[in-house]
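Enquirer: have a look at this fold, sequence not included:
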């Protein structure tokens, strides 16, 4: 299986960690940006950069809101992102000789 079958948007290590973490949440569940940042042990700037790339691919949805007077940002995996991650993991299993 050629490498180009692995989704290059997800394949970057940091984005793979982001998508895998979000995929562990239930469908339509979201996580706050600070919580995701802490779970992944990433800087805010680094996480923002990778989230922007995932958002451009329509793999994540970012919601900015306020809780009282405090700004809050939430991240969730879109249906397209969830399906892309499933395809990615199936391709990876096939590449490693597992079942597809």
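Expert: Yep, that arrived. Computed from a prediction, not measured in an experiment: that's the story for all the values here.

Enquirer: which elements pack onto the lengthiest helix in the chain?
Expert: Counting by DSSP state H, the longest helix found in the chain is helix 79-95. With contacts defined as 3 or more C-beta pairs under 8 Å, 6 or more residues apart in numbering; DSSP states H and E, the packing partners of helix 79-95 are helix 8-11, helix 13-23. For every residue, glycine as well, the C-beta is placed using N, CA and C.

Enquirer: tell me the most buried of the ones you listed?
Expert: helix 13-23 (a mean of 18; mean count of other C-beta atoms under 10 Å).

Enquirer: what packs against that one?
Expert: Helix 13-23 is packed against helix 8-11, helix 33-40, helix 44-56, strand 60-67, strand 70-77, helix 79-95, with contacts defined by 3+ C-beta pairs under 8 Å, 6+ apart.

Enquirer: how many neighbours does the residue lying closest to residue 66 once chain neighbours are set aside have?
Expert: Nearest residue to residue 66, sequence neighbours excluded (C-beta to C-beta, 6 or more residues apart in numbering): residue 72, at 6.4 Å. Counted by other C-beta atoms under 10 Å, the residues lying close to residue 72 total 13.

Enquirer: for residue 72, give its distance to residue 31.
Expert: From residue 72 over to residue 31 the distance is 11 Å, taken as C-beta to C-beta, to the nearest Å.

Enquirer: for stretch 39-53, buried residues please.
Expert: For stretch 39-53, a neighbour-count test (16 or more other C-beta atoms under 10 Å) marks 40, 42, 47, 50-51, 53 as buried.

Enquirer: picking that back up, for residue 18, which of the helices and strands packed on helix 13-23 is the nearest?
Expert: Nearest to residue 18 among these is helix 44-56; the distance by C-beta to C-beta comes to 5.7 Å.

Enquirer: name the residues that touch that closest one?
Expert: If you take C-beta atoms under 8 Å, 6 or more residues apart in numbering as the criterion, helix 44-56 is touched by 9, 12, 14-15, 18-19, 33, 36-37, 40, 42, 60-62, 75, 81.
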